[in-house]
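>>> let's see this in three dimensions:
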Amino acid sequence: MDPSVDTSFLPDKDKEDEEKRLREQLRIEWVAKQEILKQEPMEVVFSYWDGAGHRRSLTMRKGHTIQNFLQKCLDVLRSEFNELRVATVDQLMYVKEDMIIPQHYSFYDLIVTKARGKTGPLFEFDVHEDVRLVHDAKREKSESHAGKVVLRSWYERNKHIFPSSRWEPYDAGKKYDTPKDKHDPTA
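The predicted model follows:
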């Protein structure tokens, strides 16, 4: 045997064990950082939609699910709207950028995946201005529309009428095109 031959590429039990320990340590650190991110508060602007918008704002944690958000919305809106007094969270829907977001998704899921809907990003929840007021509809703005909190029964009665006729269930696997700027030669 020649001791000068490079054997670093060969399997080595000690190196493999050290690599496994390092991977596990990094995984634990990453999970801990993600948990910290999920606890960060964020403002969510929404409109209770009954044919007209009633804009409100709530502070939620990024790790909360849409179901948690809808429950908090229900608690806030119940005193103002008679139709919500007997409603449960299962009877509500959250619609963002013309997408009906399933209740099991968390805000964190939408933020991390940079999810997109038909008309803009699903991961931006603070609304500064109405995007539709921009003169060039093909130019994307960083702001997004306020999400809509809707009674499922209202949606079923009105799904043939604009705007609910545009709404469809969110599919994480489907890609929606980003608006292109017609004046941008690279588009």
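
>>> okay, helices next: where are they in this protein?
13-38, 66-77, 107-112, 152-158 (DSSP state H).

>>> out of those, nearest to Pro121?
When those are compared by CB to CB, helix 107-112 sits nearest Pro121, at 8.6 Å. Where C-beta positions appear, they are placed from N, C-alpha and C, glycine not excepted.

>>> one step back: can you put the helices of the chain in CSV and add mean neighbour count, distance to Pro3 and mean pLDDT?
What follows is those, written out as CSV (neighbours: other CB atoms under 10 Å; distance: least, CB to CB, whole Å; pLDDT from 0 to 100):
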stretch, mean neighbour count, distance to Pro3, mean pLDDT
helix 13-38, 10, 18, 92
helix 66-77, 19, 63, 93
helix 107-112, 20, 50, 86
helix 152-158, 14, 75, 91
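
>>> got a markdown table for the ones you listed, with distance to Val89 too?
A markdown table is the format used below for the helices of the chain (distance: least, CB to CB, whole Å):
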| stretch | distance to Val89 |
| --- | --- |
| helix 13-38 | 20 |
| helix 66-77 | 5 |
| helix 107-112 | 16 |
| helix 152-158 | 11 |
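
>>> looking at the ones you listed, which is closest to Glu168?
helix 152-158 (11.6 Å).

>>> where's the residue nearest in space to the middle of the chain relative to Gly147, distance?
For the chain, Leu110 is the residue whose C-alpha lies nearest the centre (CA atoms, centre = their mean; 2.9 Å). Counting by CB to CB, to the nearest Å, the gap from Leu110 to Gly147 is 11 Å.

>>> quick one: common contacting residues for those two?
Ile101 (CB atoms under 8 Å, 6 or more residues apart in numbering).

>>> stretch 168-175 - what's its average pLDDT?
Stretch 168-175 carries an average pLDDT of 84.

>>> list the buried ones in it?
Tyr170 (16 or more other CB atoms under 10 Å).

>>> my guess is the residue nearest to the centre of the chain meets Phe123, correct?
Yes. Using CB atoms under 8 Å, Leu110 is in contact with Phe123, at 4.7 Å.
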